[in-house]
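Engineer: Next come a sequence and a model predicted from it.
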Amino acid sequence: MIELLTIPAVILGAALIPRKRNDKRTIQQVLINRKICFKKGDNLIYPKLESTHDRGTHTTYIYTLPKGMPSEVFDTILPALKEALNREVEYEYEGVMKLRVFKGKLPKKWSYDKSLIQKGTWEVPIGKNHQGILYHNFEHYPHILVGGVTRFGKTVFMKETFHTLMMNMGDDVEFYILDLKAGLEFYKYKAFPQVKEVACDVYEAAETLINVTDELKRRELMFRDKGYTNILDTPIKKRTFIIVDEGAELSPNIVKDKKGKKYAEFCQASLSEIARIGGAVGMRLIYATQYPTKEAVPMQVKMNIVARMSFICASRIASQVLLDEVGAEDLPSIPGRAIYMVEKKRTVQVPYIDDKIIYDMMEGEHETRKTRKSVNDHRPIGDSEDKASTTHS
């Protein structure tokens, strides 16, 4: 009797041993279940796994796609892959499909600190992904478009960018801020010497943009007289950032009164001009909105901004307007989780910063600055040829 009982016991024991996870098999099952294939006669042709590479932090699966199958098809199954694998997944197509399955998860929150400051550069931390901390270089991509639903990190990201630029290049940066949430987020920073103006409604925004576009025209004339083509090829170090927090408030379709609509039209035309021309003469546009529609983001603004930053979007359409691709609607509901796109999409967790962090770090910087002699503090752009050129990597 004892001998007979040992057989079921062995079977039960084997059943309790956890099976080794097989991501390769799971991926294949998702491809089958989602019908990612072509039919050829009686056969179904699926993406073919060519090789697997363990990269330490992640495993890369290399697939070749059947001829005629677009790589974008993986956008439609990315959420299913993440759920089936219970892992973070990214893909990239470079002649072959590179599917990356990460072994760890992104942090749900991490705080800004001094280690993120890159003195003497125009680089700002975008966020952490599985391969480290990503930076955006405003010398390479002068403008950035930011979008996503409210309370998920747009303003925190812009404050982090604003603060980093002041810490990195405090003597050579200036800001014009259109805080169209009645000035609730950025007006408090008006006392900083780098902040030239803070506009809080469409009328103040129009006045600010008159000054900015006048300066744009002045710089164009100065560049023409000196034979300059792009500020990167000059000894000029000064950069001017125009921050727009909630660009939808400048849409003529949202502004109610007739007079306000005219001001809104002027604002959108001015921002379009800055996006088209401003980059060459040292102007940088950071444009953010909850509603990434064609009314909220003027076409000339969108078409002249390569870098995009999308927090979670309410719909596929919103993601397509912002990124020209779907995906942002499937981000998890984690504040600070975003998709950064320059040439390709990368999911990141943006560092958290608040007013206390900003003021504490700026106070320390102010004490340091008091021991230095300021140079060229109030000299307009074009009068700083005595400064050395920056090196661009």
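Structural biologist: Received it, and whenever you're ready, just let me know what you need.

Engineer: Show me the shaky parts of the stretch 201-350 of the chain.
Structural biologist: The model of the stretch 201-350 of the chain has no residue with pLDDT under 70.

Engineer: Tell me where it has helices.
Structural biologist: Under the criterion DSSP state H, counting those that start in this stretch, the stretch 201-350 of the chain carries helices at the ranges 202-226, 258-277, 299-303, 316-323.

Engineer: from the ones you listed, which stretch is densest packed?
Structural biologist: Across the helices of the stretch 201-350 of the chain, the average number of neighbours (mean count of other C-beta atoms under 10 Å) peaks for helix 316-323, which reaches a mean of 20. In this view, the C-beta of every residue, glycine as well, is placed from N, C-alpha and C.

Engineer: beta partners for the spatially most central residue of the chain?
Structural biologist: The geometric centre of the chain, computed from its C-alpha atoms, lies nearest to Met309 (C-alpha atoms, centre = their mean), at 2.7 Å. Per DSSP bridges, the residues bridged to Met309 are Val146, Tyr340.

Engineer: From Asp233, how far off is it?
Structural biologist: Noted for Met309: a distance of 28 Å to Asp233, by C-beta to C-beta, to the nearest Å.

Engineer: just to revisit the earlier point, I'd like the helices of the stretch 201-350 of the chain written out as CSV, with distance to Arg337 added.
Structural biologist: Formatted as CSV, these follow (distance: least, C-beta to C-beta, whole Å):
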stretch, distance to Arg337
helix 202-226, 30
helix 258-277, 27
helix 299-303, 23
helix 316-323, 14
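
Engineer: out of those helices, which comes closest to Ala288?
Structural biologist: Closest approach to Ala288 among those (C-beta to C-beta): helix 316-323, 10.6 Å.

Engineer: which helices and strands does the closest one pack with?
Structural biologist: In terms of contacts (3 or more C-beta pairs under 8 Å, 6 or more residues apart in numbering; DSSP states H and E), helix 316-323 is packed against strand 144-147, strand 307-311.

Engineer: With respect to burial, which of those scores highest?
Structural biologist: strand 144-147 (a mean of 27).

Engineer: and the next helix or strand after it, what other elements does it pack with?
Structural biologist: Counting by DSSP states H and E, the next helix or strand C-terminal to strand 144-147 is helix 154-169. Counting contacts by 3+ C-beta pairs under 8 Å, 6+ apart, helix 154-169 packs against strand 123-129, strand 144-147, strand 173-179, strand 239-245, strand 283-289, strand 307-311, helix 355-369.

Engineer: For Phe223, find the nearest of the ones you listed.
Structural biologist: That would be strand 283-289 among the helices and strands packed on helix 154-169, by C-beta to C-beta, at 12.0 Å.

Engineer: Please report the separation between the first and final residues of stretch 107-120.
Structural biologist: 29 Å (C-alpha to C-alpha, to the nearest Å).

Engineer: would a markdown table of the helices and strands packed on helix 316-323 with distance to Val348 be doable?
Structural biologist: Output for the helices and strands packed on helix 316-323, formatted as a markdown table (distance: least, C-beta to C-beta, whole Å):
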| stretch | distance to Val348 |
| --- | --- |
| strand 144-147 | 13 |
| strand 307-311 | 9 |
